[in-house]
Structures are given as structure tokens and as C-alpha cells.
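J.: With the sequence up front, the predicted model follows.
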Amino acid sequence: MTRRKKLIAAALALPLALALGVGLTARRAGSDPLSVDLCDKDLAAVFESCKAEGDVCTFPDEGMEEACQAGCVMMTCPNHVSCTELDPTWCKPCDDEQGAPYWRILLEAERLCFQKKAEGEAWTLVQIEDSMDCLKEEGERMCPALAAKPYWHWKPEVRKRCQDDLDLTVRRCEEDDSCALAPEEYKKACQEGCLLRMCPDQVACTGDDPVRCAPCEDAHGALHWRHVFDAEIHCHHTEGEFYSGPPSGLSASRDKWAACFVAEMERECRALAGTAWWRRAPFLVEHYGNARPSPAPPASPAAP
């Protein structure tokens, strides 16, 4: 496996593990023991089905068992539970993962986005990527405040790992092959971009770090390289195969990959769209080949 393939494979591993670990109400696709009728007939049974390691909260995060259970009950019987001073779990804002509203939204989004395949069918990377995108979009639609937390749908244990041992992630980004192919002048930015992607809450612009504060169109900045990693992963899912560098001569697959990469980068970083310099950058020329300048904008009508 080439170093570029290792980079993308390593980056894929984290969202894959996250996608398969959140709870996946899709496991319940066939029969659903919870129904609205139970809310009136036996609310206690709803609480029982919603408990940790049950049918809905199958894999709750440590310390989140009660919040997940409450969110499950709130999702199933919204008219039978309410915010009371006796239990703050029901009263927390929708972007607080210790509260029932957050888990109701997460579970509803999971049910909507992860049940789009037949039970027993093997998951593909494309399906996982699409389902995770759907989950994030639906969650932020139901709770707009979540949009301010870009990685809210990542498991708390992953975010905690960054808090408890950030140095380990820093060393991995500095020492492994992730940025080995980046031009020397961009290595620091590439390493910071790797760190930004893995531990976004710990990597912020403080005003005195030009690498962390650079805009996305600046290849000397971390944000630019985080978008590079995201675009590579997106295009792997889209094209269904890794592309690890240009072969000799022209290659249709190389051009197809490069077109996907350029389009995704310009979608994520709009400041790049319509510019020519970055498509001719050595990084693109070396690894993607198709570093052609953007089409010239249409000429303005001549003044009368």
C-alpha cells in the first residue's frame, strides 16, 4: 500500500468506526417493540425498552446511558414527557449531549439515515459516508445549534481521547506517512491540518499562530490541508478507488479523480473557486496531474 493510500485508509478508519458505534437503530429494522400505543398503555415498558444495551440505546457512550434512555422515551412518547425541575435531563438544550433532547434528535436522525438499506445487507464505505452525511444534516436541521459544533456527531470517547492525550495525536501527525508526500514548505501546514481533522476542538486560531489562523485558500495553513484530506476521502467514496499518483502519460482515472478533487475543494473552500494558482500548484501537478486553470469568466459587455 502506498503512503497516499495509507493516509486515506487511516482517515477512513475513524469515521467508519464512529458510524458503526453510535447505536444504529437500523439494527431494529424489521420489528419495532416500541409503538405509540405503549405510551398510553404501559409507559414503564417504553422506559425498559429504551434502557442501555436495549433495542434502541444498544451502544450508549459511557456516562450517557440515562440521557440516551431519556431521549429514546422522548422520541417515542413526546406528549408523555416534559421538562420538570425534578430531572434536568429533560430540560437541557438540544446541543447538550447530557440531555434528552440531544439524544432524541440523534436517535431520530439515525433511524432516518441508517435504515435506508435492507436488514442483513453488508455496509459499503459509500453507504456509511452517505448515512453519516445524512445524520449530520438531519441533526442540524432539527437542532440548528449543532451546526456550531462541526464534529458533534463524533463519539464523545473520540473527543475525550484528544483531550486526554493530545500529544499522541500530534506525534502521529508528525511522524507517520500522512504528510510525507506534501512539499517541504507545506509539511507543517499538512501536519496541523491532520491534527485539525482529528482533534478540531483542540486546534483553534489563537491570533498568534499563522498556520492555524490562515484562511482555507492558503496552502500554508492547517484549514487548507484539512480540506485536502476531506476532499481525498470524499473522492475515494465517489470514485470507488484510491488514486495514489499519476502514472506515465495521460490517464482517464487520474483526470476523473482530479476533477472530483478540484470540485470538492472549491465546494468546501469557496475562495478557491475561479482561481487558477492552486490548480497549478506542484502538489496537484505531482499527485493528480490535472492541475488545469479555471475557465476564464465571461467577458463583460462593452461599455456603450
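T.: Looks like it arrived, so ask away.
J.: drop to CA atoms for contacts and neighbour counts, all remaining ones
T.: Noted.
J.: Now do the strands in the chain.
T.: For the chain, applying DSSP state E gives no strands.
J.: Could you chop it up by domain?
T.: As given by automatic domain parsing, the domain ranges for the chain are 31-153, 159-287.
J.: For those, give me JSON lines that also has mean pLDDT and mean neighbour count.
T.: Formatted as JSON lines, the domains of the chain follow (pLDDT from 0 to 100; neighbours: other CA atoms under 10 Å):
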{"stretch": "domain 31-153", "mean pLDDT": "82", "mean neighbour count": "18"}
{"stretch": "domain 159-287", "mean pLDDT": "76", "mean neighbour count": "17"}
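J.: thought A189 was touching A219?
T.: Yes: using CA atoms under 8 Å, A189 makes contact with A219 at a distance of 7.4 Å.
J.: shared neighbours, these two?
T.: Residues touching both A189 and A219 (CA atoms under 8 Å, 6 or more residues apart in numbering): W225.
J.: so how far is D133 from the spatially closest residue to H227 that is not a sequence neighbour?
T.: Of all residues not flanking H227 in the chain, M265 sits nearest, at 6.5 Å (CA to CA, 6 or more residues apart in numbering). Distance of M265 to D133, given as CA to CA, to the nearest Å: 17 Å.
J.: Ok, K187 next?
T.: In terms of CA to CA, K187 sits 29 Å off from D133.
J.: Ok, D208 next?
T.: Per CA to CA, D208 is found 33 Å from D133.
J.: E192 now?
T.: E192 is 24 Å from D133, by CA to CA.
J.: Over to P78?
T.: P78 is 26 Å from D133, where distance means CA to CA.
J.: P200 now?
T.: 18 Å.
J.: can you tell me which residues contact A70?
T.: A70 touches F47, C50, T89, W90, G99, A100, W103, R104, counting by CA under 8 Å, 6+ apart.
J.: can you list those residues in JSON lines and add distance to C83?
T.: Output for the contacts of A70, formatted as JSON lines (distance: CA to CA, whole Å):
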{"residue": "F47", "distance to C83": "16"}
{"residue": "C50", "distance to C83": "18"}
{"residue": "T89", "distance to C83": "8"}
{"residue": "W90", "distance to C83": "5"}
{"residue": "G99", "distance to C83": "11"}
{"residue": "A100", "distance to C83": "10"}
{"residue": "W103", "distance to C83": "15"}
{"residue": "R104", "distance to C83": "14"}
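J.: Which of those residues fall in helices?
T.: F47, C50, A100, W103, R104 (DSSP state H).
J.: so the fourth one touches G71, yeah?
T.: This means W103. Yes: counting by CA under 8 Å, W103 does reach G71; the two are 4.6 Å apart.
J.: give me every residue that touches the closest residue to A271 other than its chain neighbours.
T.: Excluding its sequence neighbours, the residue lying closest to A271 (CA to CA, 6+ apart) is E217, at 6.0 Å. Taking CA under 8 Å, 6+ apart, we find E217 in contact with H224, C269, A271, L272.
J.: Now do E217 against C269, distance only.
T.: Taken as CA to CA, the span from E217 to C269 is 7 Å.
J.: before we move on, what about W225?
T.: Counting by CA to CA, the gap from W225 to C269 is 11 Å.
J.: cool, Q191 as well?
T.: 19 Å.
J.: go on, L146?
T.: Distance, L146 to C269, by CA to CA: 21 Å.
J.: For T169, give its distance to E264.
T.: Distance, T169 to E264, by CA to CA: 26 Å.
J.: D230 now?
T.: In terms of CA to CA, D230 sits 9 Å off from E264.
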